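**Student:** Predicted model follows, preceded by the sequence.
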Amino acid sequence: MLDRAAAETAKDIATRRVRFRGAGFVPASSRFGGWIALALVIAIWQAAGSAGLVNPLFLPAPSAIARAIYQLAASGALWQHLSASLLRIGVGWLLGTAAGVAVGFAIGLSRLARSVGITFISALFPIPKIALLPLLILWLGIGEEPKIATIALGVFFSTAISVYSGVDAVPRNLIRMAQSFNVPFATIVRKVVWPGALPAILAGFRITASVALLLVVSAEMIGAQYGIGAFVLQAGNLMQTDQLLAGVVILSVFGLMVGRVINWLETRLLHWR
Amino acid sequence: MDLIANHITHRFGELAVLDDISFTVSAGEVVAIVGPSGCGKSTLLSILGGLLLPTSRAPELRGSPPADSLNPLTFVFQDFALLPWATVEQNVEFPLLHTQLSAVQRRAQVDDALRRTGLTDFRKAYPKQLSGGMRQRVGISRALAVRPAILLMDEPLSALDSQTRELLMEDFVRLLADGGMGAVYVTHNLEEAARLADRIVVLSRRPGRIREVVTVPMTRAQRGEIAAREKLLALQNQIWSLIRNEAIDAEREVQHA
């Protein structure tokens, strides 16, 4: 072998490098890339608005939206609308999550609950929950209850599904290990199933936070005096597009903040991954 | 305490897996179970340890375990079965949490188990930070923490590289040296069986039946000597000749499955 290599070198055959063919698809995101891109889009948007290339009625410039947000904040209206929405989201999300976690665990751990629960969830999950709002108003009256119930329902189904999927995904060998040490059922649930299902549960929280936001806006558009959804609808009706987009920006910022909170929770609770 | 398999039979639906398995693991004895792939070795171990209900005749225990034993039949798993969210010491403490032991007593048992497996310096590490061999040491440490009468080891070294296997084999020899703890050791590896076991139960191809029970004619301490190597090799060849043809058939069956 060595002789052959030496002979080839002696023949002065040109060498060439082995071409790098890739190391798998590993898309690495830049830390500031997203923010730079966002700033660029806003700058172009602002420039187009300032140059009169875009009719402000259809698309107000970012500076006009910022001004609208400032005026909303200064007048106190922002807090009035935001607090109404936050209350509905908070209570609805907590109720839906609590029920979803309980039912999800029951389905994940009990044969009876699984047989009954999955059928009901499969049948009811696809229904757009906002379609139930008129029925909920009939049942619960005109007030906060039907809006909160709509959010809770939307959150409940997604949570229940993510929780029982998470419980199903807990490696069975860990449960068998615990059983082999005669660990009681409740301790297995607390020390093995809960932490094992937590990644899926937190991923579910990310989805249900968006669902709650979507439903609160929809519910407020149908029947509310205060709330970001009601504000956006009112601004749209009055053709106040800067106010309308101010509401949209506030919703976006709220969504970002919720995402940050969930990221923080994941970092704290899933550091072992 | 003795562990008795008394005419154990098991089927998965129509598939007969184990047929009329009978043997006894006496106190302090190490019994290896070998056989072709798919002969039901791991299934038998699960049945012996109470993790699987056999179709007929559950295993039995005779006599009392040592007074300090918190879990007389304790598994060491092939895939380690460590809680990834728990540190080494939390994993070792896990089976003690529901016992009557106080926090101080638990701590003492964890410290002792970690010391016996050389893990004291790694007590705060998470499983993902450890090599395969170290992870299995955590599994062994966790098993030792409950002071078992009989260890049920399901191919505990098969997921490890050969050097780590050799090191852990030395650990097993040391841990089982005083005869205070018995073991059932399921393995594909005839060398492991010959080095560790007092008796080797050879199973036939599925449905697994006991084909032969081979007694290893020397103490574990003697097996470490150079003079014993030839005898051990001859023993391995004897067992291999018993299962070779069936192992080939089993492999073909797996390939065509």
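**Tutor:** Nice, I can see it.
**Student:** Check the secondary structure at A:Gln225 for me.
**Tutor:** At A:Gln225 the chain is in coil, as set by DSSP: H, G, I helix; E, B strand; the rest coil.
**Student:** Can you give the contact residues for stretch B:82-91?
**Tutor:** The set of residues that contact stretch B:82-91 without belonging to it, under C-beta atoms under 8 Å, 6 or more residues apart in numbering or on different chains, is A:174, A:191-192, A:195-196, A:270, A:272-273, B:94, B:110, B:114, B:119, B:122-128, B:130, B:135, B:138-139, B:141-142. (Glycine included, C-beta is placed from N, CA and C.)
**Student:** list the contacts for residue 195?
**Tutor:** The chain I'm using is chain A. Contacts here follow C-beta under 8 Å, 6+ apart; on that basis A:Pro195 touches B:83, B:85.
**Student:** that's the wrong chain, I meant chain B
**Tutor:** Taking C-beta under 8 Å, 6+ apart as the definition, contacts of B:Arg195 comprise B:169, B:173, B:220, B:223, B:232.
**Student:** what is the rounded mean pLDDT of the helix or strand where it lies?
**Tutor:** Remark: B:Arg195 resides in helix B:190-196, with elements defined by DSSP states H and E. Helix B:190-196 shows a mean pLDDT of 90 in the predicted model.
**Student:** which stretches of chain B have low pLDDT?
**Tutor:** Within chain B, the ranges that satisfy pLDDT under 70 run B:179, B:254-257.
**Student:** quick one, longest helix in it?
**Tutor:** Longest helix in chain B, counting residues (DSSP state H): helix B:228-256.
**Student:** which helices and strands does that helix pack with?
**Tutor:** Applying 3 or more C-beta pairs under 8 Å, 6 or more residues apart in numbering or on different chains; DSSP states H and E, we find helix B:228-256 packed against helix B:190-196, strand B:199-203, strand B:210-215.
**Student:** Highest mean neighbour count out of those?
**Tutor:** The highest mean neighbour count among the helices and strands packed on helix B:228-256, using mean count of other C-beta atoms under 10 Å in any protein chain shown, belongs to strand B:199-203: a mean of 24.
**Student:** so what strands line up beside that strand?
**Tutor:** With DSSP bridges as the criterion, the sheet partners recorded for strand B:199-203 are strand B:30-34 (parallel), strand B:210-215 (antiparallel).
**Student:** Only the C-alpha atoms, please, for it, written as PDB.
**Tutor:** Below are the C-alpha coordinates for strand B:199-203, written out as PDB (Å, rounded to 0.1, in the frame of the first residue of the first chain):
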ATOM      1  CA  ARG B 199     -24.400 -21.900  37.500                       C
ATOM      2  CA  ILE B 200     -25.300 -21.200  33.900                       C
ATOM      3  CA  VAL B 201     -28.900 -21.900  32.800                       C
ATOM      4  CA  VAL B 202     -28.800 -22.500  29.000                       C
ATOM      5  CA  LEU B 203     -32.100 -21.900  27.300                       C
END
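**Student:** before we move on, back to that, can you put the strands paired with strand B:199-203 in a markdown table and add distance to A:Thr97?
**Tutor:** Output for the strands paired with strand B:199-203, formatted as a markdown table (distance: least, C-beta to C-beta, whole Å):
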| stretch | distance to A:Thr97 |
| --- | --- |
| strand B:30-34 | 48 |
| strand B:210-215 | 55 |
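**Student:** do you know which of these lies nearest A:Val258?
**Tutor:** Put simply, out of the strands paired with strand B:199-203 the one that sits nearest A:Val258 is strand B:30-34, at 54.6 Å, with distance taken as C-beta to C-beta.
**Student:** which residues touch the closest one?
**Tutor:** With contact meaning C-beta under 8 Å, 6+ apart, strand B:30-34 is reached by B:23, B:25, B:41, B:44-45, B:176, B:182-188, B:190, B:192-193, B:196-203, B:220, B:239, B:243.
**Student:** again, 7 Å this time
**Tutor:** Under the criterion C-beta atoms under 7 Å, 6 or more residues apart in numbering or on different chains, residues B:23, B:25, B:41, B:44, B:176, B:182-187, B:190, B:193, B:196-203, B:239, B:243 lie in contact with strand B:30-34.
**Student:** What strand or helix carries A:Arg17?
**Tutor:** Using DSSP H and E, A:Arg17 sits in no helix or strand.
**Student:** Can you name the residues that contact it?
**Tutor:** Listed by C-beta under 7 Å, 6+ apart, the contact set of A:Arg17 is empty.
**Student:** helix or strand for the residue nearest in space to the middle of chain B, which one?
**Tutor:** Centre of chain B computed as the mean C-alpha position; nearest residue by C-alpha atoms, centre = their mean is B:Met153, 1.6 Å away. With elements taken from DSSP H and E, the one containing B:Met153 is strand B:150-154.
**Student:** now that strand against strand B:30-34, angle please.
**Tutor:** On the basis of axes from the mean of the first three to the mean of the last three C-alpha atoms, to 10 degrees, strand B:150-154 is oriented at 20 degrees to strand B:30-34.
**Student:** any residues touching strand B:150-154, and which ones?
**Tutor:** Contacts made with strand B:150-154 from outside it, assessed by C-beta under 7 Å, 6+ apart, are listed as B:3, B:25, B:42, B:45, B:48-49, B:72-78, B:143, B:181-186.
**Student:** what about A:Gly196, distance to chain B?
**Tutor:** Counting by C-beta to the nearest C-beta, to the nearest Å, the gap between A:Gly196 and chain B amounts to 8 Å.
**Student:** Quick check: that residue vs A:Asp168, distance?
**Tutor:** Taken as C-beta to C-beta, to the nearest Å, the spacing of A:Gly196 relative to A:Asp168 amounts to 10 Å.
**Student:** Just want to know which of these two has more residues nearby.
**Tutor:** For the pair A:Gly196 and A:Asp168, the greater number of neighbours falls to A:Gly196 (19 against 13), based on other C-beta atoms under 10 Å in any protein chain shown.
**Student:** pLDDT at the more buried one, what is it?
**Tutor:** A:Gly196 is assigned a pLDDT of 95 by the prediction.
**Student:** quick one: average pLDDT of the longest helix along chain A?
**Tutor:** Across chain A, the longest stretch assigned as helix under DSSP H is helix A:77-109. Here the mean pLDDT over helix A:77-109 is 94, rounded to a whole number.
**Student:** Stretch A:176-190 now?
**Tutor:** Model confidence over stretch A:176-190 averages 95 on the pLDDT scale.
**Student:** Is chain B within reach of that stretch?
**Tutor:** Yes: against chain B, stretch A:176-190 shows contacts by C-beta under 7 Å from any C-beta of the partner chain at A:176-177, A:179-184, A:187.
**Student:** So which of the residues you listed are in helices?
**Tutor:** Among the residues of stretch A:176-190 next to chain B, the subset assigned to helices under DSSP H consists of A:176-177, A:179-180, A:187.
**Student:** Now render those as TSV, adding neighbour count and distance to A:Gly154.
**Tutor:** Supplementary listing: these in TSV, determined by neighbours: other C-beta atoms under 10 Å in any protein chain shown; distance: C-beta to C-beta, whole Å:
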residue	neighbour count	distance to A:Gly154
A:Arg176	16	36
A:Met177	26	37
A:Gln179	17	37
A:Ser180	22	41
A:Thr187	14	33
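**Student:** pretty sure B:Pro65 is in contact with B:Ala149, am I right?
**Tutor:** Yes: in terms of C-beta atoms under 7 Å, B:Pro65 counts as a neighbour of B:Ala149; the distance is 4.0 Å.
**Student:** For those two, indicate the residue with more neighbours.
**Tutor:** Under the neighbour definition other C-beta under 10 Å, B:Pro65 and B:Ala149 were set side by side, and B:Ala149 has more, 24 against 17.
**Student:** contacting residues around the residue in the stretch 101-250 of chain B that chain A sits nearest to?
**Tutor:** Taking C-beta to the nearest C-beta as the measure, the stretch 101-250 of chain B has B:Tyr126 as its residue closest to chain A, at 5.4 Å. When contacts are counted by C-beta under 7 Å, 6+ apart, B:Tyr126 touches A:272, B:84, B:87.
**Student:** Kindly recompute the last result at 8 Å.
**Tutor:** The contact partners of B:Tyr126, by C-beta under 8 Å, 6+ apart, come to A:272, B:84-88.
**Student:** Neighbour-wise, which one of these leads?
**Tutor:** Counting neighbours by other C-beta under 10 Å, B:Val88 leads the contacts of B:Tyr126 with 28 neighbours.
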